[in-house]
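Enquirer: predicted model and sequence follow; I will ask about them next.
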Amino acid sequence: MNACAAFLLLLASAPAQDETLRERGGTTLELRDGVLERRDSDGVRELGCTDREGPGRVLDLAADPAGVTFVVAERGLFLAGPTSEHLDPIELLDGAPPGSPTAVHVDARRRVWLATDEAVGVIEPSFYFGRTLAPELLPGPGPYTLGPGPNGAVRINGAPYAPDAGPPPRVLELRVDGEAWDGDDTLERTYREPIRIGASGEANGGATFRYRLDGHHVWRDLGEELVLDDVAPGNHTLDVIALDRDLNRSAPARIRMRIAMPFYYGKGFVVAVAAITGALVLAGFLLRARSAGGGLWRAIVSTGLVLVLGL
């Protein structure tokens, strides 16, 4: 049995470390033998879970300055609200450290540091994307534990890791359809015409990139190259940021876009199609009226109804 497997076996058989955490509002979370309970004026009760399979054995807690508590358990990372009686599972997104969570720590900037049996990384506290630290930054192989260190450092298996070292990240270049983009220009496109966006930059630990459209509150993963083909007609702004290994952000680089209506949404085209369609429908009703003995006005009214419904 290797050292990692032995550690996991010991973790599964030994009692979890007891911990007490004061919540906003005066209640207390108590971790005892892998069970998470809340104590208040009404007594002590175990927290439930919105996942029907439950969290499993609870391993660690970390208070978020915003008032919630991040909880590591056998079945993943969970969130405990101060007024909720249930743990909510968190679905980790791109960049989160792989493996089974073993410990959690929230720093003063609300970054969620997550340790697993394989890696250590940092998670954005609201949208759960992240970055994973390179193995050479870690004090040997996992599983890993976490704790606060001096001057904002994070202790990983007892060894301090100092985040935020080095210069801030920067976006050096944006590319549109493979060509370097001049930020002073406005990108002209037609609705449903694909736009390929790429970026390059520099950051401590290598840069990753995220984007948002029109100031949206969610920054999405840009990946190697972003393809947009559903931007609505009108004027838009696309912002791109670079992130370093500690989730520090660069200043945004911006692309201004003007998306034109396709020709088939233009007034002239719609009116022309309506006129041609109306003439064909009227001709059809007139031929039917002639063979059935109907009148001109009935054909005109029927044509008008067809056009109204069609438009």
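Expert: On my side now, so go ahead.

Enquirer: how about stretch 20-35: buried residues?
Expert: 21, 23, 29-31, 34 (16 or more other C-beta atoms under 10 Å). The way it works is simple: take the backbone N, C-alpha and C, and place the C-beta from them, glycine included.

Enquirer: which residues does Glu53 contact?
Expert: Contacts for Glu53 (C-beta atoms under 8 Å, 6 or more residues apart in numbering) come out as Arg75.

Enquirer: so it, which state does it fall into?
Expert: Following DSSP: H, G, I helix; E, B strand; the rest coil, the label given to Glu53 is coil.

Enquirer: kindly provide the distance from it to Thr186.
Expert: Noted for Glu53: a distance of 52 Å to Thr186, by C-beta to C-beta, to the nearest Å.

Enquirer: pLDDT below threshold where in the stretch 1-150 of the chain?
Expert: Applying pLDDT under 70 to the stretch 1-150 of the chain flags residues 1-17.

Enquirer: need the strands for it, in chain order.
Expert: Under the criterion DSSP state E, counting those that start in this stretch, the stretch 1-150 of the chain contains strands at 19-22, 28-32, 35-40, 43-46, 48-49, 58-63, 69-73, 76-80, 86-89, 101-106, 112-116, 120-123, 130-132, 146-148.

Enquirer: go through the chain and flag its longest strand.
Expert: Taking DSSP state E as the criterion, the chain has its longest strand at strand 234-243.

Enquirer: quick one: Gly76 and Pro89 touch, right?
Expert: Yes - taking C-beta atoms under 8 Å as the definition, Gly76 is a contact partner of Pro89 at 6.0 Å.

Enquirer: shared neighbours, those two?
Expert: Pro55.

Enquirer: phi, psi of the residue nearest the centre of the chain?
Expert: Against the mean C-alpha coordinate of the chain, by C-alpha atoms, centre = their mean, the closest residue is Phe127 at 4.7 Å. With angles defined as degrees, to the nearest 10, Phe127 sits at phi -120, psi -10.

Enquirer: for the nearest residue to it once chain neighbours are set aside, phi and psi?
Expert: In space, and not counting its chain neighbours, Phe127 is closest to Val218: 6.0 Å by C-beta to C-beta, 6 or more residues apart in numbering. Backbone dihedrals for Val218, given as degrees, to the nearest 10, come out at phi -100, psi 120.

Enquirer: number of nearby residues for Val218?
Expert: By other C-beta atoms under 10 Å, 11 other residues sit near Val218.

Enquirer: I'd assumed Tyr211 was in contact with it.
Expert: No - using C-beta under 8 Å, Val218 makes no contact with Tyr211, being 10.0 Å away.

Enquirer: part of a helix, is Gly304?
Expert: Yes - applying three-state DSSP, one finds Gly304 inside a helix.

Enquirer: just the pLDDT for it.
Expert: At Gly304, the model reports a pLDDT of 71.

Enquirer: quick check: it vs Leu280, distance?
Expert: 14 Å.

Enquirer: does Val271 count as helix, strand or coil?
Expert: Applying three-state DSSP: Val271 is helix.

Enquirer: okay, now it: neighbour count?
Expert: Val271: 10 neighbours (other C-beta under 10 Å).

Enquirer: how about the helices in the protein?
Expert: 3-13, 267-292, 296-310 (DSSP state H).

Enquirer: quick check: buried residues in stretch 165-172?
Expert: 169-171.

Enquirer: so can I have TSV of these showing distance to Leu137?
Expert: Shown next, in TSV, are the buried residues of stretch 165-172 (distance: C-beta to C-beta, whole Å):
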residue	distance to Leu137
Pro169	17
Arg170	21
Val171	24
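
Enquirer: which of those residues sits closest to Asp182?
Expert: Set against Asp182, the nearest of the buried residues of stretch 165-172 by C-beta to C-beta is Val171 (14.0 Å).

Enquirer: so that closest one bridges to which residues?
Expert: Gly201 (DSSP bridges).

Enquirer: distance of it relative to Tyr128?
Expert: Computed as C-beta to C-beta, the Val171 to Tyr128 distance reads 23 Å.

Enquirer: got it, and Asp185?
Expert: Distance from Asp185 to Tyr128, by C-beta to C-beta: 35 Å.

Enquirer: these two: which is more packed in?
Expert: Neighbour count, other C-beta under 10 Å: between Asp185 and Tyr128, Tyr128 has more, with 18 against 10.
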